[in-house]
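Chemist: Just need the structure, nothing else, for what follows:
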Amino acid sequence: MHDDSLTPYRRRFLARRVDDRLELLDRGVLSRRELETNLADLARLNRLPGGAAASVDAVGRLTAGPPARIVDVGTGAGDIPLAFARRGWSVVALDSDPEVLAIARGRTAGVPGVEVVAGDGMRLPFDDGAFDVAHCSLLLHHFAPRAAVALLRELRRVSRAGIVVNDLRRGWLSLAATGISVALLGRCRATRHDGILSVRRAYTIAELDALLDEAGLVVRHRSAAWMPRVVTAAVARSAA
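Modeler: Okay, the predicted model is just below:
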């Protein structure tokens, strides 16, 4: 028999975005070995549907083709820039964490077209329109709404053709799929802990659209909205 007494709890659990708990990756409590394992886990998860391949598709929809110049903000281990480089695109992989940057530089060393730089996504060290596309993956949910809008505006500022946001969406299917994925593929506590918390910190599609609208962006393309991870390509409202 179905227990309806759990329904109100289920609704409350994901009804509102969790904004008062930080992921282990954000706390700076991981050892170098844990960080390397966590980033390797994320690279493995990026091979699943909705990951790197979906980002490549979305970027391609905004550009006429190679050679495109892309900035990947919050690059992590640099696996998505490597996917972009395989398409012949030139990529600047940016992160603010020195240890993350060291790992990304090690993984991308010697790869033509990939440059790893230090920088803050909220104050990107680039001129207006320096890139064709600004991309971020599994980054936006780390920011509260006001900061998320500021990040989106920075991505819009430095891109000529548009931006691509690849992130989890908040919902029960996403929670279940992420839980299974990190249980099977996660090799460290950070992956398992942060994976579940990331879904609870993520935005719904409606919330994301409101953030994009406030940042002056209009959706041009979106991957299947029912998937746990959704990729959105957006352009400046003035160019829509």
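
Chemist: and the lengthiest strand in the chain, what does it pack onto?
Modeler: Longest strand in the chain by number of residues, with DSSP state E as the criterion: strand 159-168. With contacts taken as 3 or more CB pairs under 8 Å, 6 or more residues apart in numbering; DSSP states H and E, strand 159-168 sits against helix 52-62, strand 131-137, helix 145-158, strand 217-222, strand 229-236. Bear in mind the C-beta positions are built from the backbone N, C-alpha and C, glycine included.

Chemist: switch to 6 Å and redo it
Modeler: Judged by 3 or more CB pairs under 6 Å, 6 or more residues apart in numbering; DSSP states H and E, the packing partners of strand 159-168 are helix 52-62, strand 131-137, strand 229-236.

Chemist: next structured bit after that strand?
Modeler: Downstream of strand 159-168, the next assigned helix or strand under DSSP states H and E is helix 172-185.

Chemist: Just the mean pLDDT for that next one, thanks.
Modeler: Averaged over helix 172-185, pLDDT sits at 91.

Chemist: And Asp72, its phi and psi?
Modeler: Dihedral pair for Asp72: phi -110, psi 110, per degrees, to the nearest 10.

Chemist: Model confidence for it, exactly?
Modeler: Looking at Asp72, its pLDDT is 98.

Chemist: Can you give me the buried ones in stretch 148-155?
Modeler: Ala148, Val149, Ala150, Leu151, Leu152, Glu154, Leu155 (16 or more other CB atoms under 10 Å).

Chemist: now that stretch: how far from the chain's centre is it?
Modeler: 13 Å (CA atoms, centre = their mean, to the nearest Å).

Chemist: before we move on, the earlier item: sheet partners, orientation included, of the longest strand of the chain?
Modeler: Sheet pairing of strand 159-168 (DSSP bridges) gives strand 131-137 (parallel), strand 229-236 (antiparallel).

Chemist: Would you mind giving the helices and strands packed on strand 159-168 as TSV with mean pLDDT, distance to Arg17 and mean neighbour count added?
Modeler: As requested, the helices and strands packed on strand 159-168 are exported to TSV (pLDDT from 0 to 100; distance: least, CB to CB, whole Å; neighbours: other CB atoms under 10 Å):
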stretch	mean pLDDT	distance to Arg17	mean neighbour count
helix 52-62	96	23	21
strand 131-137	98	18	26
strand 229-236	97	15	23
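
Chemist: what about Gly50, helix or strand, and which?
Modeler: Going by DSSP H and E, Gly50 is not part of any helix or strand.

Chemist: Cool, thanks, signing off.
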